[in-house]
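kindly generate the corresponding structure for this input.
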Amino acid sequence: MIFMNPRNNPKFVRWLSASLKRVRSSWRKPQGINSKIRMKLKGRLPMPTVGYGAPKEMRYLHPSGLKEVLVHNVKDLEKINPEKEAVKIASSVGNKKRNEILKKAEEKKLKILNP
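Numbering: from 1, shown residues only. Next comes the predicted model:
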């Protein structure tokens, strides 16, 4: 049972997670000496390998194609390039400072990922 995710890579699920309720689907590497999945036999579940990685230019990018930059205050907005980077406001920022950041980002025409 192979599930595909939007990037055309298989969704790596843990062995027996589909048939056993107590086994969660989050990936764990098979350790058994006779494990067919560990041996990467044909027709079995896929294992994550380096070959599934994204190209270097695409790594760490938001789906919009912009690099995410974490912002804690208004001063951090000065360093951001609007063509290549997008703003992500830190979760520790309060309402008052968040509103200031939103106003300043709107003036500079920056994209905010979590307004």
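
make it CA atoms for all contacts and neighbour counts henceforth
Will do.

break this structure into its domains for me.
1-53, 54-115 (automatic domain parsing).

just give me how far the shortest one sits from the chain centre.
Think domain 1-53. 19 Å (CA atoms, centre = their mean, to the nearest Å).

same deal with stretch 83-94?
16 Å.

now do it: distance from first to last residue.
Taking CA to CA, to the nearest Å, the first and last residues of stretch 83-94 lie 27 Å apart.

show me what counts as buried in it.
For stretch 83-94, a neighbour-count test (16 or more other CA atoms under 10 Å) marks Glu85, Ala86, Val87, Lys88, Ile89 as buried.

counting only strands, which of those make the cut?
Glu85, Ala86, Val87, Lys88, Ile89 (DSSP state E).

list just the nearest of these to Ser35.
Checking those against Ser35 with CA to CA, the nearest one is Lys88 at 42.5 Å.

next, count neighbours for Ser19.
8 (other CA atoms under 10 Å).

related to what we said a few turns ago, I'd like the domains of the chain as JSON lines, with mean pLDDT appended.
Shown next, in JSON lines, are the domains of the chain (pLDDT from 0 to 100):
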{"stretch": "domain 1-53", "mean pLDDT": "87"}
{"stretch": "domain 54-115", "mean pLDDT": "92"}
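
ramachandran coordinates for Gly51?
Torsion angles at Gly51 (phi, psi; degrees, to the nearest 10) stand at phi -70, psi -20.

could you pull out the strands in the protein for me?
So, for the chain - with DSSP E - the strands run 3-4, 10-11, 67-71, 85-89.

paired strands for the second one, with orientation please.
When you say that, I think you mean strand 10-11. Strand pairing for strand 10-11, using DSSP bridges, gives strand 3-4 (antiparallel).

Lys88 - nearest residue in space that isn't next to it in sequence?
Leaving aside its sequence neighbours, Lys88 sits nearest to Leu70 (CA to CA, 6 or more residues apart in numbering; 4.9 Å).
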